[in-house]
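Student: here's my sequence, what's the structure:
(2 chains)
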Amino acid sequence: MTGPPPLLAVRDLTVELLDGQPVVSDVSLTLDAGQTLGLVGESGSGKTTLALALLGYARPGMRIASGEVEIAGQHIALGDERAARAMRGRLVSLVPQDPSTNLNPALRIGAAINDIVREHRPSDAGDAIVYDVLGRVRLPAERRFARRFPHQLSGGQKQRVLIASALVCEPPLIVLDEPTTGLDVVTQARILEEVERLHRDREVAMIYVSHDIAVISQVADQVAVLYGGLVVEHGATDDVLSRPRHPYTRGLVSSVPDHTQPRRMQGIPGVAVGLDELRRGCPFMPRCEQRVDRCASEMPRLSLLDGRHVRCFEARLTPPPERGELRVPNVTSEHDILLAVEHLTAVHRDGRHTTVAACDVTFSVPRGACVALVGESGSGKTTIARAIAGLHPPRSGRILLDGAELVPRAQKRSRELRRRCQIIFQDPYESLNPRRRIRDEVARPARLLRGLSKTEARTEVAQLLEQVRLPAHLADAFPAELSGGERQRVAIARALAAQPDLLVCDEITSALDVSVQAAVVEVLADLRSRLSLSMLFITHNLGVVAAIADYVLILDHGVICERGPVEQVFNHPQSERAIELLAAAPTLRVAA
Amino acid sequence: MRGLRFLGTGRGRVGFAILAFVVAVALFGPFFAPHDPADILGAPGSGPSSSFPLGTDYLGHDVLSRVLWGGRSVLWLSLAATALSFVLGMAVGGVAGYSRSFVDPILMRLVDVVLSFPPLLLFILVVTSVGTSSLILILSIAVILSPGIARIVYSATREVSVRGYTEAAVTRGEGASAILLREIFPNILGPLIANLGLTVTFSVLLVASVTFLGLGVQPPNANWALMISENRDILSINVWSTLAPAAMIALLTVGVNTVGDAVSHALGLPQRRAITTVGGIEELITPAELV
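Tutor: Below you'll find the predicted structure:
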């Protein structure tokens, strides 16, 4: 090949824990000026570690063991912190993950940006360069804005300030580490627009790290998929995502929910590999459907296939991603109401300050239906779920289950009503008692609410674990031995142990990786049709709504602003808020 | 047992050896005592000799025998007081932390009132009004120490009571005592265990100071703290009569504290975040992210 040398050249980069355990192994990448590379991987895949290593930085407890990073012809000193610091900001800079903790709260933003300039280009420091860079990220380029403190900015504005700080010394490369995680979808869409504009104008080359393959498909020219610290597939974004050749990439693509093309999500079986389990062969082997004998003993090399590099012996055999058909909904009648919420108003009191979380909310869940309650954080959706479960007494309004009133506090409800309505919580790491075995955790509701004996409960637990597709031996485990996805399935099993009619699911997949989220949603969809469960499914993810729900309610600041069958609302949204949300939700954009 | 891993550290072993020595002396010492601790055997305040290795005290008792006998009451009084203070503290802190009603402010203000008294003043108040006995001693020390426990339990309970597993128990209609005992207490043991060593130490010191002031164990019982008090007048004549029991109390507190520290270290109360700088931007990293 001819042409100028690449802007970024990474050769055989390996980052290890101090005890020699590799976190990222043998990564080689190149990137031309103005191009964007997406680094995709689930939690624990080493994507942030790799991104930081490109700045010559290893987090405490790790070190860059070998390899080279060259940016614009200059070697980044790996392991020499002082020399590497001199390069950062000027050659390469970082946009970190969490805008709320990454700006010094004691510094005005103009001063914070100037600090970076003073470090690298002292002669340019001053107000002019600050206003210039604020303008470039479309923040008000004026003195009043530059004199604000971080707490006076919104999350999206803070993230823009961080992007401005990364751009200010005009490095040819910036590394963005999950820059939109934790922001709401509308803000995320605006930040992504900004990143796309930088990409379009070819101002800088970017490494965009994300777990969200849909986001990557919008911003990246090339994509590298990481699994267990290895690049498993690397090539042009359109090629890799439209026709993945590594079974893991294929699994990721099939797991991504998409509200524009509703389909069944298909998860990847098993659990992401942990660092301590890395073995000699291919790290994906235990979860792979097309493994052969030598996968266990031999590490496949990255080899060229179909215009991209892929690390798999059997890559030729990988089938194209399937478009799973949605299940047929089993709603018998829209007028057969199981749960009715009437004029519900709920508030949060904090000292003298009251916030209205739900304002005169009225909706119903037909028997056998799945109703999704969608909204941004702070829209009041969790409060509504908690009011139904009897954890948050509402200020006014009524909740009826099959015509029987659910009194505000769960303790005051009859045993039968408590049994019929079960809730599953958001955080899998806090929803199981760490000191109790899974068997006892799942058996408890069956014994308390259905009066089963100890032996009856025992057989029941085995059946329930099978229903949520968990191996039977996990019954004797403690929660700490389980992954997030497994814990969430145990929480589902615990709710099912009561044989409920209504399942309230409060953001139950938001803490999970996409491949695991898909598997959990799949389990729920399957249970729903088999046990004729009704569900109130609370989420902010429109793709998941499309995959599981029949009806959708869109909540905005405690008020339902739009409701209707999912298809109707998604195709013909009426309210401004719904239109905005639907436009902002990321979708997998792949050239067919 | 994860808790036993403390024996793997140097600090843990030293602490354990000290503690084991003092406890062994207190428990088994009486079997090896050469004389009856209450018998007056020789001239008061005589120095060490072949028949009295640590000399005699102000009345002519054998100091060694009294040291060997004098640990039991110190140990059991302070352990009983500690146990009772944990029971009281957990009950008050747990109920206040979980209730979220008018019970919470009432109990916790009560705790503040007790905390605001100087411990010895409170004790003298009790003893002067109702007299002294082992039971009074234990009760008063428990009342003095329990507010600290209650505060710890209170804040830990409030944290755990909004977790999913506790709320799941609420929605299935478990009673308050079942929720406290099954969901909350097992999950707040960490900070309590970390505090156990300190509470035992305080308890030993309180028993000792109170006894030294003559408000606790009464003569002619043998008790380390009482011995220091009785023999302080003959300090210049036979120093062993005060030095030996004082050393035992010191060793006991040092041993308990060292073991307590080592245990909570072994249980791994989480190390907080490290602050580093990347690309001129401050980044906060928790060690959990590394795995």
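Student: which single residue in chain B comes nearest to chain A?
Tutor: Closest to chain A within chain B is B:Gly164: 3.1 Å, counting by CB to the nearest CB. Heads up, the C-betas are built off the backbone N, CA and C, glycines and all.
Student: just the pLDDT at that residue, thanks.
Tutor: With respect to pLDDT, B:Gly164 scores 91.
Student: can you check B:Thr286 too?
Tutor: pLDDT at B:Thr286 comes out at 32.
Student: need the phi and psi values for A:Cys421.
Tutor: Main-chain dihedrals, A:Cys421, degrees, to the nearest 10: phi -120, psi 120.
Student: tell me which residues form a beta bridge with it?
Tutor: Beta-bridge partners recorded for A:Cys421 (DSSP bridges): A:Leu502.
Student: tell me the contacts of it?
Tutor: Applying CB atoms under 8 Å, 6 or more residues apart in numbering or on different chains, we find A:Cys421 in contact with A:Leu339, A:Ile388, A:Ala389, A:Leu401, A:Leu406, A:Pro500, A:Asp501, A:Leu502, A:Val504.
Student: how many residues are close by the last one?
Tutor: Burial of A:Val504 is recorded as 26 neighbouring residues (other CB atoms under 10 Å in any protein chain shown).
Student: assign a three-state SS to it, would you?
Tutor: In three-state terms, and counting by DSSP: H, G, I helix; E, B strand; the rest coil, A:Val504 is strand.
Student: quick one: contacts for it?
Tutor: Neighbour list for A:Val504: A:Ala385, A:Ile388, A:Ala389, A:Cys421, A:Gln422, A:Ile423, A:Ile424, A:Met535, A:Leu536, A:Ile538 [criterion: CB under 8 Å, 6+ apart].
Student: okay, those residues in TSV with secondary structure and pLDDT next?
Tutor: Below are the contacts of A:Val504 laid out as TSV (DSSP: H, G, I helix; E, B strand; the rest coil; pLDDT from 0 to 100):
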residue	secondary structure	pLDDT
A:Ala385	helix	93
A:Ile388	helix	94
A:Ala389	helix	93
A:Cys421	strand	93
A:Gln422	strand	94
A:Ile423	strand	94
A:Ile424	strand	94
A:Met535	strand	93
A:Leu536	strand	95
A:Ile538	strand	93
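Student: in PyMOL, how would I select just the buried ones from these?
Tutor: Buried members of the contacts of A:Val504, defined by 16 or more other CB atoms under 10 Å in any protein chain shown, are picked up in PyMOL with:
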select buried, chain A and resi 385+388+389+421+422+423+424+535+536+538
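Student: tell me where the model's unsure across the chain.
Tutor: Going with chain A. Where chain A drops to pLDDT under 70, the residues are A:1-3, A:274-279, A:324-332, A:590-592.
Student: hmm, I had chain B in mind actually
Tutor: Applying pLDDT under 70 to chain B flags the ranges B:1-3, B:268-291.
Student: same thing but at 50, please
Tutor: Low-confidence segments of chain B, defined by pLDDT under 50, are located at B:270-291.
Student: which single helix of it contains the most residues?
Tutor: Ranked by residue count and defined by DSSP state H, the top helix of chain B is helix B:71-99.
Student: buried set for the helix or strand just after that one?
Tutor: Downstream of helix B:71-99, the next assigned helix or strand under DSSP states H and E is helix B:103-116. Buried positions in helix B:103-116, judged by neighbour count with 16+ other CB under 10 Å: B:Asp104, B:Leu107, B:Met108, B:Val111, B:Val114.
Student: please, where are all the strands along the stretch 251-400 of chain A?
Tutor: A:303-305, A:308-310, A:337-350, A:353-366, A:370-374, A:396-401 (DSSP state E, counting those that start in this stretch).
Student: tabulate those (TSV), appending mean neighbour count and distance to chain B.
Tutor: Below are the strands of the stretch 251-400 of chain A laid out as TSV (neighbours: other CB atoms under 10 Å in any protein chain shown; distance: least, CB to the nearest CB, whole Å):
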stretch	mean neighbour count	distance to chain B
strand A:303-305	12	31
strand A:308-310	24	28
strand A:337-350	17	12
strand A:353-366	18	16
strand A:370-374	26	18
strand A:396-401	17	13
